[in-house]
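1. Have a look at this prediction, sequence included:
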Amino acid sequence: MAAKEEATTKSEKKKEKVIATPDTTDESIPHPYFELYRHTMLRGANSGSLLTILFAPPILYFRGRRQPREIMYHTAKASVYGMLIGAGLSALATWAVVRKATYEEVFDRSYRLRYNKGQVHMDLVTYGVVGSGAVAGALTTSTMRATGALFGSAVGFGLAVFVHMATKGKD
């Protein structure tokens, strides 16, 4: 009996996180496939950049790069690759799932992603931190401001995960 009550409370909590229920005739999501790909590629870029930020500095240090400035530069450079690889692999994985799904299933998933409070918060945090990283990267480089902006935004993708975890509210 206790397990059934626990399962009921978990499903009630999940329902509370979603603002509304899906209706496939709803026109609030005109392109559900685009919405789903955008979400998964954004999360893939977050993941790829985060993994690079976590693992590149110790690897660089043990490979003989001891100067902090050099470690930061190479981590930012590797973060760009991590971001691109993560986004690409996420798009590929989404394609593998979506090609077998019906329109209603894709619409339902897109709807739930769009109206989930946690996902909305993560999206807003990601856009803010990536934009801030791009501006900071462009302003801190004396030459090649575009490269600095690219490096800053790539690092921002990884840092957005930490910012989201630090600022999300308890549900």
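-> Structure's in. What do you need?
2. In contact with the closest residue to Tyr61 other than its chain neighbours, which residues?
-> Computed as Cβ to Cβ, 6 or more residues apart in numbering, the closest residue to Tyr61 that is not its neighbour in sequence is Ile71, at 6.5 Å. The C-beta positions use only the backbone N, C-alpha and C, and glycine is treated the same way. By Cβ atoms under 8 Å, 6 or more residues apart in numbering, the residues touching Ile71 are Pro57, Leu60, Tyr61, Arg65.
3. Relative to Thr75, which of those is nearest.
-> Distances from Thr75 to those, taken as Cβ to Cβ, are shortest for Pro57 (5.5 Å).
4. Spit out the contact partners of that closest one.
-> If you count contacts by Cβ under 8 Å, 6+ apart, Pro57 has them with Ile71, Thr75.
5. one more time with 10 Å
-> Pro57 makes contact with Arg65, Pro68, Ile71, Met72, His74, Thr75, Ala78, according to Cβ atoms under 10 Å, 6 or more residues apart in numbering.
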